[in-house]
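Asks: Sequence plus the predicted model coming up.
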Amino acid sequence: MSNYVLSLDNARIAYDVTGHGPAILLVHGMGSKVNKNLWKDTGWVEKLTPHFTVITMDLRGFGESDKSHDPEFYSINNIINDIHAVINACGFKEYHYFGHSYGATIGLQTCILSKHVQKVICAGTTFGDSFFKESVPKWIDEYEILNTCKQTKTYSNQDLAEEDIEWVENTDIEIIIAQLMAMKSWKGIDVCDITKKLAVYTGFNDNPLVLENFEQNENQLKRNEIAHKIFDNLNHSDLVSKVDTVLPWVLEFLLQ
(Lines give C-alpha, C1' and ligand atoms only; values in the text may rest on other atoms or scores of the structure.)
Protein backbone atom coordinates (compact mmCIF):
# COMPACT_ATOMS: atom_id res chain seq x y z
CA MET A 1 0.00 0.00 0.00
CA SER A 2 1.41 3.40 -1.02
CA ASN A 3 2.25 6.23 1.32
CA TYR A 4 1.11 9.78 0.58
CA VAL A 5 2.34 13.27 1.40
CA LEU A 6 0.98 16.71 0.55
CA SER A 7 3.32 19.03 -1.32
CA LEU A 8 3.40 22.80 -0.77
CA ASP A 9 0.55 23.35 -3.25
CA ASN A 10 -1.49 20.57 -1.57
CA ALA A 11 -0.93 18.12 -4.40
CA ARG A 12 -0.99 14.56 -3.06
CA ILE A 13 2.18 12.63 -3.94
CA ALA A 14 2.42 8.83 -3.65
CA TYR A 15 5.62 7.10 -2.61
CA ASP A 16 7.05 3.81 -1.29
CA VAL A 17 9.99 3.34 1.05
CA THR A 18 12.02 0.26 1.99
CA GLY A 19 15.42 -0.65 3.40
CA HIS A 20 17.85 1.05 5.78
CA GLY A 21 20.78 3.44 5.47
CA PRO A 22 21.24 6.65 3.47
CA ALA A 23 18.26 7.71 1.36
CA ILE A 24 18.20 7.26 -2.39
CA LEU A 25 15.24 8.49 -4.43
CA LEU A 26 14.41 6.64 -7.66
CA VAL A 27 12.43 8.69 -10.21
CA HIS A 28 10.76 7.23 -13.30
CA GLY A 29 10.42 8.62 -16.82
CA MET A 30 7.38 9.53 -18.94
CA GLY A 31 4.73 7.19 -20.32
CA SER A 32 1.02 6.64 -19.79
CA LYS A 33 1.62 3.51 -17.70
CA VAL A 34 4.94 4.46 -16.10
CA ASN A 35 5.02 4.89 -12.32
CA LYS A 36 7.07 4.17 -9.21
CA ASN A 37 6.55 0.41 -9.60
CA LEU A 38 9.06 0.49 -12.49
CA TRP A 39 11.93 0.33 -10.01
CA LYS A 40 10.52 -2.65 -8.12
CA ASP A 41 9.54 -4.52 -11.27
CA THR A 42 13.01 -4.15 -12.83
CA GLY A 43 14.79 -5.23 -9.63
CA TRP A 44 16.43 -1.96 -8.63
CA VAL A 45 14.69 -1.78 -5.25
CA GLU A 46 15.86 -5.28 -4.32
CA LYS A 47 19.43 -4.60 -5.49
CA LEU A 48 19.77 -1.27 -3.68
CA THR A 49 18.09 -2.03 -0.32
CA PRO A 50 21.19 -3.75 1.14
CA HIS A 51 22.93 -0.37 0.93
CA PHE A 52 20.22 2.31 1.11
CA THR A 53 16.80 3.36 2.23
CA VAL A 54 15.18 3.17 -1.21
CA ILE A 55 12.39 5.67 -1.91
CA THR A 56 10.30 5.55 -5.07
CA MET A 57 7.71 8.18 -5.93
CA ASP A 58 4.99 8.77 -8.49
CA LEU A 59 5.76 12.12 -10.04
CA ARG A 60 2.76 14.45 -10.17
CA GLY A 61 0.69 13.48 -13.19
CA PHE A 62 1.61 9.79 -12.88
CA GLY A 63 0.46 6.71 -11.01
CA GLU A 64 -1.35 7.45 -7.77
CA SER A 65 -0.16 11.05 -7.46
CA ASP A 66 -2.45 13.98 -8.25
CA LYS A 67 -2.93 15.08 -11.85
CA SER A 68 -3.94 18.27 -13.64
CA HIS A 69 -4.40 19.72 -17.13
CA ASP A 70 -2.79 22.99 -15.98
CA PRO A 71 0.84 23.36 -17.18
CA GLU A 72 1.75 25.39 -14.08
CA PHE A 73 0.95 22.31 -11.99
CA TYR A 74 4.06 20.68 -13.52
CA SER A 75 6.49 23.54 -12.93
CA ILE A 76 9.98 22.44 -11.94
CA ASN A 77 9.63 24.27 -8.63
CA ASN A 78 6.52 22.22 -7.81
CA ILE A 79 8.35 19.01 -8.69
CA ILE A 80 11.36 19.93 -6.53
CA ASN A 81 8.95 20.71 -3.68
CA ASP A 82 7.36 17.27 -4.17
CA ILE A 83 10.78 15.63 -3.87
CA HIS A 84 11.60 17.47 -0.68
CA ALA A 85 8.16 16.65 0.78
CA VAL A 86 8.70 12.93 0.12
CA ILE A 87 12.26 12.93 1.47
CA ASN A 88 11.16 14.76 4.63
CA ALA A 89 8.19 12.41 5.12
CA CYS A 90 10.66 9.51 5.10
CA GLY A 91 12.65 11.16 7.90
CA PHE A 92 15.58 12.44 5.83
CA LYS A 93 16.99 15.80 4.87
CA GLU A 94 19.80 14.78 2.52
CA TYR A 95 19.43 12.18 -0.21
CA HIS A 96 20.90 10.65 -3.35
CA TYR A 97 18.92 10.78 -6.61
CA PHE A 98 18.62 8.32 -9.50
CA GLY A 99 16.40 9.23 -12.45
CA HIS A 100 15.60 7.77 -15.86
CA SER A 101 14.57 9.82 -18.94
CA TYR A 102 12.09 12.48 -17.67
CA GLY A 103 13.30 11.60 -14.18
CA ALA A 104 16.89 12.13 -15.34
CA THR A 105 16.00 15.53 -16.79
CA ILE A 106 14.58 16.40 -13.38
CA GLY A 107 17.77 15.01 -11.84
CA LEU A 108 19.90 17.60 -13.65
CA GLN A 109 17.56 20.28 -12.30
CA THR A 110 18.05 18.99 -8.73
CA CYS A 111 21.78 19.60 -9.13
CA ILE A 112 20.98 23.31 -9.27
CA LEU A 113 17.71 23.65 -7.36
CA SER A 114 18.07 21.21 -4.45
CA LYS A 115 20.65 22.03 -1.80
CA HIS A 116 19.92 18.72 -0.05
CA VAL A 117 20.80 16.35 -2.89
CA GLN A 118 24.21 14.71 -2.54
CA LYS A 119 24.90 12.38 -5.46
CA VAL A 120 22.85 12.36 -8.67
CA ILE A 121 22.64 9.64 -11.35
CA CYS A 122 20.95 10.51 -14.65
CA ALA A 123 20.14 7.86 -17.27
CA GLY A 124 19.17 9.07 -20.73
CA THR A 125 18.93 12.85 -20.67
CA THR A 126 20.58 15.87 -22.33
CA PHE A 127 22.50 18.95 -21.30
CA GLY A 128 21.68 22.47 -22.49
CA ASP A 129 18.56 24.14 -23.88
CA SER A 130 18.12 22.34 -27.20
CA PHE A 131 15.75 19.70 -25.82
CA PHE A 132 13.45 22.32 -24.26
CA LYS A 133 13.64 24.77 -27.17
CA GLU A 134 13.52 22.35 -30.11
CA SER A 135 12.28 18.86 -29.22
CA VAL A 136 9.58 19.71 -26.68
CA PRO A 137 7.68 22.16 -28.97
CA LYS A 138 7.66 19.53 -31.73
CA TRP A 139 6.26 16.95 -29.32
CA ILE A 140 3.58 19.37 -28.20
CA ASP A 141 2.48 19.85 -31.82
CA GLU A 142 2.38 16.08 -32.36
CA TYR A 143 0.34 15.40 -29.23
CA GLU A 144 -2.07 18.24 -29.99
CA ILE A 145 -2.76 16.64 -33.39
CA LEU A 146 -3.40 13.30 -31.68
CA ASN A 147 -5.67 14.95 -29.14
CA THR A 148 -7.69 16.57 -31.94
CA CYS A 149 -8.01 13.18 -33.62
CA LYS A 150 -9.23 11.71 -30.35
CA GLN A 151 -11.81 14.45 -29.81
CA THR A 152 -13.13 14.30 -33.38
CA LYS A 153 -12.78 10.52 -33.74
CA THR A 154 -10.99 11.02 -37.07
CA TYR A 155 -7.74 9.16 -37.58
CA SER A 156 -7.80 8.76 -41.36
CA ASN A 157 -5.21 11.49 -41.98
CA GLN A 158 -2.73 9.96 -39.54
CA ASP A 159 -0.50 6.96 -40.23
CA LEU A 160 -1.49 5.11 -37.07
CA ALA A 161 -1.64 1.39 -36.39
CA GLU A 162 -4.61 -0.05 -34.52
CA GLU A 163 -2.57 -0.29 -31.30
CA ASP A 164 -1.58 3.39 -31.66
CA ILE A 165 -5.23 4.41 -31.98
CA GLU A 166 -6.08 2.28 -28.95
CA TRP A 167 -3.34 4.01 -26.96
CA VAL A 168 -4.65 7.46 -27.95
CA GLU A 169 -8.20 6.50 -26.98
CA ASN A 170 -7.10 5.23 -23.55
CA THR A 171 -4.61 7.98 -22.68
CA ASP A 172 -5.27 11.40 -21.17
CA ILE A 173 -3.19 13.24 -23.76
CA GLU A 174 -4.05 16.62 -22.23
CA ILE A 175 -1.93 15.71 -19.20
CA ILE A 176 1.04 14.94 -21.45
CA ILE A 177 0.57 18.25 -23.28
CA ALA A 178 0.41 20.13 -19.97
CA GLN A 179 3.64 18.48 -18.78
CA LEU A 180 5.40 19.34 -22.03
CA MET A 181 4.09 22.91 -21.95
CA ALA A 182 5.64 23.26 -18.50
CA MET A 183 8.95 21.82 -19.69
CA LYS A 184 9.21 24.46 -22.43
CA SER A 185 10.01 27.01 -19.71
CA TRP A 186 12.58 24.88 -17.87
CA LYS A 187 16.14 26.19 -18.00
CA GLY A 188 18.63 23.85 -19.60
CA ILE A 189 21.52 22.71 -17.41
CA ASP A 190 25.02 22.82 -18.92
CA VAL A 191 27.90 20.63 -17.78
CA CYS A 192 29.71 23.70 -16.45
CA ASP A 193 26.72 24.46 -14.17
CA ILE A 194 27.16 21.26 -12.18
CA THR A 195 28.74 21.43 -8.74
CA LYS A 196 27.16 18.28 -7.26
CA LYS A 197 28.59 14.78 -7.58
CA LEU A 198 27.00 13.62 -10.83
CA ALA A 199 27.03 10.45 -12.93
CA VAL A 200 25.38 10.32 -16.36
CA TYR A 201 25.02 7.37 -18.69
CA THR A 202 23.40 6.33 -21.94
CA GLY A 203 23.62 3.42 -24.40
CA PHE A 204 24.82 3.12 -27.99
CA ASN A 205 21.23 2.29 -29.00
CA ASP A 206 19.67 5.13 -27.01
CA ASN A 207 17.57 7.92 -28.54
CA PRO A 208 19.84 9.56 -31.16
CA LEU A 209 19.26 12.99 -29.60
CA VAL A 210 20.46 11.75 -26.21
CA LEU A 211 23.47 9.92 -27.62
CA GLU A 212 24.52 12.85 -29.81
CA ASN A 213 24.25 15.30 -26.90
CA PHE A 214 26.26 12.94 -24.69
CA GLU A 215 29.05 12.63 -27.24
CA GLN A 216 29.12 16.41 -27.80
CA ASN A 217 29.62 16.97 -24.06
CA GLU A 218 31.98 14.06 -23.38
CA ASN A 219 35.18 16.13 -23.26
CA GLN A 220 33.64 18.62 -20.88
CA LEU A 221 32.32 15.80 -18.71
CA LYS A 222 35.91 14.59 -18.41
CA ARG A 223 37.23 18.07 -17.61
CA ASN A 224 34.59 18.53 -14.90
CA GLU A 225 35.30 15.05 -13.49
CA ILE A 226 31.68 13.94 -13.96
CA ALA A 227 31.29 10.16 -14.08
CA HIS A 228 29.94 9.10 -17.47
CA LYS A 229 29.52 5.96 -19.54
CA ILE A 230 27.98 4.72 -22.79
CA PHE A 231 26.84 1.10 -22.43
CA ASP A 232 27.07 -1.27 -25.40
CA ASN A 233 23.80 -2.40 -27.01
CA LEU A 234 21.47 -0.63 -24.55
CA ASN A 235 18.47 1.36 -25.82
CA HIS A 236 16.55 4.00 -23.88
CA SER A 237 14.38 1.63 -21.86
CA ASP A 238 17.31 -0.77 -21.31
CA LEU A 239 19.06 1.94 -19.29
CA VAL A 240 16.79 1.05 -16.40
CA SER A 241 15.53 -2.44 -17.30
CA LYS A 242 18.98 -4.05 -17.75
CA VAL A 243 19.76 -3.71 -14.07
CA ASP A 244 22.51 -6.35 -13.91
CA THR A 245 24.45 -4.56 -16.67
CA VAL A 246 24.20 -1.10 -15.15
CA LEU A 247 24.20 -1.88 -11.40
CA PRO A 248 27.99 -2.36 -10.85
CA TRP A 249 28.77 1.04 -12.38
CA VAL A 250 25.97 2.72 -10.41
CA LEU A 251 27.07 1.19 -7.12
CA GLU A 252 30.71 2.10 -7.72
CA PHE A 253 29.66 5.73 -8.02
CA LEU A 254 27.27 5.69 -5.05
CA LEU A 255 29.52 3.83 -2.63
CA GLN A 256 32.87 5.47 -3.39
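Replies: In hand now; what should we look at?
Asks: Show me which residues of stretch 108-127 are buried.
Replies: 108-114, 117, 119-127 (16 or more other C-beta atoms under 10 Å). Any C-beta I mention is one placed from the backbone N, CA and C, and that applies to glycine too.
Asks: Report the central residue of this structure.
Replies: Residue closest to the mean C-alpha point of the chain, counted by C-alpha atoms, centre = their mean, is G103 at 1.1 Å.
Asks: what's the pLDDT at it?
Replies: As predicted, G103 sits at a pLDDT of 98.
Asks: Would you enumerate the residues in contact with it?
Replies: L26, V27, H28, G29, L59 (C-beta atoms under 8 Å, 6 or more residues apart in numbering).
Asks: do that again at 6 Å, thanks
Replies: G103 is in contact with V27, H28, G29, counting by C-beta atoms under 6 Å, 6 or more residues apart in numbering.
Asks: Double-check that it belongs to a strand.
Replies: No. Applying DSSP: H, G, I helix; E, B strand; the rest coil, one finds G103 to be helix, outside a strand.
Asks: Tell me how far it lies from L59.
Replies: 7 Å (C-beta to C-beta, to the nearest Å).
Asks: Now do the helices in the stretch 101-250 of the chain.
Replies: In the stretch 101-250 of the chain, the segments counted as helices under DSSP state H, counting those that start in this stretch are 102-113, 130, 136-152, 162-169, 173-183, 208-223, 238-241, 243-255.
Asks: The second one - what's its average pLDDT?
Replies: Within the predicted structure, the mean pLDDT of helix 130 is 94.
Asks: on that earlier part again, skipping adjacent residues, who's closest to the residue nearest to the centre of the chain in space?
Replies: Nearest residue to G103, sequence neighbours excluded (C-beta to C-beta, 6 or more residues apart in numbering): V27, at 3.4 Å.
Asks: ok, that neighbour touching G99?
Replies: Yes. Using C-beta atoms under 6 Å, V27 is in contact with G99, at 4.1 Å.
Asks: residues in contact with K242?
Replies: Counting by C-beta under 6 Å, 6+ apart, K242 has contacts L234.
Asks: pLDDT at it, what is it?
Replies: Looking at K242, the pLDDT reads 98.
Asks: do the one 3 residues further on as well
Replies: At T245 the predicted local confidence, pLDDT, stands at 98.
Asks: now N157
Replies: 79.
Asks: burial of it, as a residue count?
Replies: By other C-beta atoms under 10 Å, 8 other residues sit near N157.
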